[in-house]
Structures are given as C-alpha cells and as structure tokens.
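Visitor: Sequence and predicted structure below; questions after.
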Amino acid sequence: MTYIINKVSIYSTISIVSFVAIIYLGMSFFLASQVTVSERNSLEENPVDYLLKYEDVSFSPRLDDTGISLKGWFIPAEITTDKTIVIVHGLNSNRAAGITLPISKKLHQNGFNTLLIDLRGHGESGGDRFNGGYIERLDVLGAVDFLKTRGIPSSNVGLLGFSLGAGVVLMAAEDESGINAVVADSGFASVDDLIVQEVRKRTNLHENIVPLLIPGFTRMTKLLYGIDVDLIRPIRSAGKLEYPIFLIHGGKDERIPVNHSQRIAKASSNQDTKLWIVESVEHAGVYDDNPDFYISELVNYFSNQIAD
C-alpha cells in the first residue's frame with residue numbers, strides 16, 4: 001500500500017511540475033512576443049515645418065541580410081560642410097517626434113548637417129520588432145555607411161541619441177573607430193534594469209510576478225528572435241571609447257533613472273567625459289528646460305570633437 005501511495009505521489013508531483021513548467025514557458029513566450037514588438041507611430045511633422053530644406057533618404061543596416069530598408073531625412077547645413085550629426089530617437093518614437101526637429105534646426109543654423117533616422121520597426125523604416133538596442137546599433141552604423149557614400153567620413157560624424165537611441169549610439173560608436181563624438185541624452189547603462197519595467201508597462205501582471213518570469217523571458221527572446229540581453233550593455237561600450245562622451249540626464253527621470261548615466265560616466269575610460277544632470281527635469285526633458293543652453297553645449301562639444 002505504501003508503495004502505491006508513493007508511486008501516486010510521485011506521478012502527482014511530476015504532473016504538477018510539468019503543468020507549472022508549461023504555464024511558465026507559455027507566459028515567457030507571451031512576454032517575449034509582446035515586449036519585443038515596437039509600437040509604430042506616424043510622422044506628424046517634417047523639416048518643411050521648420051523651414052528646412054531636406055532630402056528623403058533610404059539605406060540598409062550594416063551587416064544585415066534581412067532586406068530591411070531604413071528611412072531618414074538628410075538636412076544640409078546653411079554653409080557647405082562635412083560635419084554631420086546623426087540623430088536617433090527613442091523607443092516607440094520616430095525621426096519627427098519630440099525634440100529631434102527643433103534640435104536639428106538649431107544644429108543646421110550652427111553649421112552642421114543632420115541625418116535624422118527611423119530605427120527598424122519605427123516610423124517609415126522596415127521591420128516590426130524591438131531588439132533592445134544591440135541590433136539597432138546596425139541601423140546607426142548603416143547611417144554612417146550611407147554618409148560615407150556621400151563623401152562624408154566617419155571622423156566628420158557625431159552621434160546624438162535619446163533614451164533608447166542614447167544606448168544605441170553608444171553601442172554603435174564602439175564598432176566605428178572613426179567616430180569621436182557621442183552625446184547620450186537619458187540613456188540606459190544596461191537593459192537588465194529596464195526589462196521588468198517594460199514588462200509591467202505592457203502587461204497586467206502583478207509586480208511581484210514579473211521578476212520570476214524574467215529568466216524565462218530572456219531565454220525565450222534569444223531562442224525566438226536572437227536577442228541576447230547580455231549584449232545590450234551601453235555601459236560596456238562606453239568603457240571602450242577612448243574619447244570623452246557627453247551624457248545628459250534629468251534628475252527626476254523615472255523612465256530611466258539618472259543613476260544609469262552616472263554609472264556610464266564612471267565606466268568611461270576618458271576623464272574628460274561630461275555628465276550634465278538637471279535635477280528638476282524628467283525623462284528626456286533637459287532640452288525643453290533650457291533650449292538655448294542645451295544647444296550651446298551640443299555645439300561646443302561637437303565642434304571640439306569632430307574633425308574639420
């Protein structure tokens with residue numbers, strides 16, 4: 001009798017464990033499929049709204065065989081120059097949203113070309129999935145390659161990114177030795193800290209449940225979409241850049257807390273890396289807090305770092 005009871009108990013335990021495992025894998029699959037989908041928004045403005053001449057451009061990501069076509073606007077400076085700033089938006093945004101066009105106009109007036117791009121899965125670019133920034137770095141490198149076809153070497157190119165775009169430009173810069181100028185506004189140090197937050201935002205799961213699902217989520221995203229969370233670490237890229245980078249952050253940022261930029265600054269290998277924190281400002285709000293000073297800081301940094 002004892003043998004039979006023990007056998008039943010073992011089968012019951014196996015059944016329960018199997019059921020829990022199936023539920024866990026199912027929820028991990030659901031999270032991976034939901035969180036990695038980008039929310040595409042239409043372009044509501046264009047450079048003409050800011051009295052800027054521009055060119056619609058298309059290019060491909062670097063080292064990419066997916067056939068994705070990326071879209072952007074090339075806005076030439078008032079005076080002919082090779083100095084060009086690639087501007088990269090944040091998650092679920094696009095090249096026309098937020099402060100990208102106002103900043104582009106100011107840089108245009110201060111002697112810089114700008115190239116505003118839509119990352120894959122955003123705006124008018126191809127693709128439908130958010131890859132955490134590591135794959136998107138190839139989009140930025142594709143933009144740099146496009147500029148090279150126009151006779152603009154990477155030594156004349158600076159990168160400016162916001163939020164997700166800030167992390168993307170740091171990782172892209174690691175793979176393009178000619179670049180010597182990177183500005184990261186409201187960037188993240190590593191994606192680990194943000195996964196729980198993004199899952200909570202996109203699902204109705206209780207906050208105590210989400211952390212338990214993260215190991216399954218990270219494995220599922222790698223299995224299904226080739227997204228390796230361990231590679232999404234702008235802080236690691238920042239430590240490999242020998243030149244000073246410029247970090248900007250709001251002290252009241254709840255989306256990506258200011259400690260992310262503080263950690264990146266600490267990891268930088270160049271003692272002249274600058275960290276500008278405005279304590280009263282929320283996520284990506286430093287420009288709106290003081291536009292003129294923001295632009296003067298950008299112009300000074302890019303002028304010093306980009307080759308003539």
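Guide: Alright, I've got the coordinates. Numbers count the residues shown, from 1 in each chain.

Visitor: contacts and neighbour counts: CA atoms only from here.
Guide: OK.

Visitor: if I look at the residue lying closest to Ile232 once chain neighbours are set aside, how far off is Ala172?
Guide: For Ile232, the nearest residue in space outside its immediate sequence neighbours is Tyr134; the separation is 5.4 Å by C-alpha to C-alpha, 6 or more residues apart in numbering. Tyr134 is 8 Å from Ala172, where distance means C-alpha to C-alpha, to the nearest Å.

Visitor: re the thing from before, the residue nearest to Ile232 reaches Leu170, doesn't it?
Guide: No - between Tyr134 and Leu170 there is no contact, the gap being 10.0 Å when judged by C-alpha atoms under 8 Å.

Visitor: To which secondary structure element is Gly142 assigned?
Guide: Gly142 belongs to helix 137-149 when elements are defined using DSSP states H and E.

Visitor: what residues go with each domain of this protein?
Guide: The chain breaks down into these domains under automatic domain parsing: 1-35+192-230, 47-190+232-305.

Visitor: Relative to Asn41, which of these is closest?
Guide: Ranking the domains of the chain by distance to Asn41, with C-alpha to C-alpha as the measure, places domain 47-190+232-305 first at 5.9 Å.

Visitor: Count the residues that sit near Arg62.
Guide: Neighbouring residues of Arg62 were enumerated by other C-alpha atoms under 10 Å; the total is 18.

Visitor: May I ask you to confirm that it is in contact with Val144?
Guide: No - applying C-alpha under 8 Å, one finds Arg62 not in contact with Val144, separated by 9.0 Å.

Visitor: Can you give me the buried ones in stretch 58-78?
Guide: For stretch 58-78, the buried set under the neighbour-count rule, 16 or more other C-alpha atoms under 10 Å, comprises 58-62, 68-77.

Visitor: of all these, which two lie farthest apart?
Guide: Across those, the two members that end up farthest from each other (C-alpha to C-alpha) are Ile68 and Ala77, 28.4 Å apart.

Visitor: one step back: state the distance from the residue nearest to Ile232 to Leu147.
Guide: Counting by C-alpha to C-alpha, the gap between Tyr134 and Leu147 amounts to 21 Å.

Visitor: before we move on, what about Gly178?
Guide: Distance, Gly178 to Leu147, using C-alpha to C-alpha: 13 Å.

Visitor: gap between stretch 282-300 and the chain center?
Guide: On the basis of C-alpha atoms, centre = their mean, to the nearest Å, stretch 282-300 is displaced by 19 Å from the centre of the chain it belongs to.
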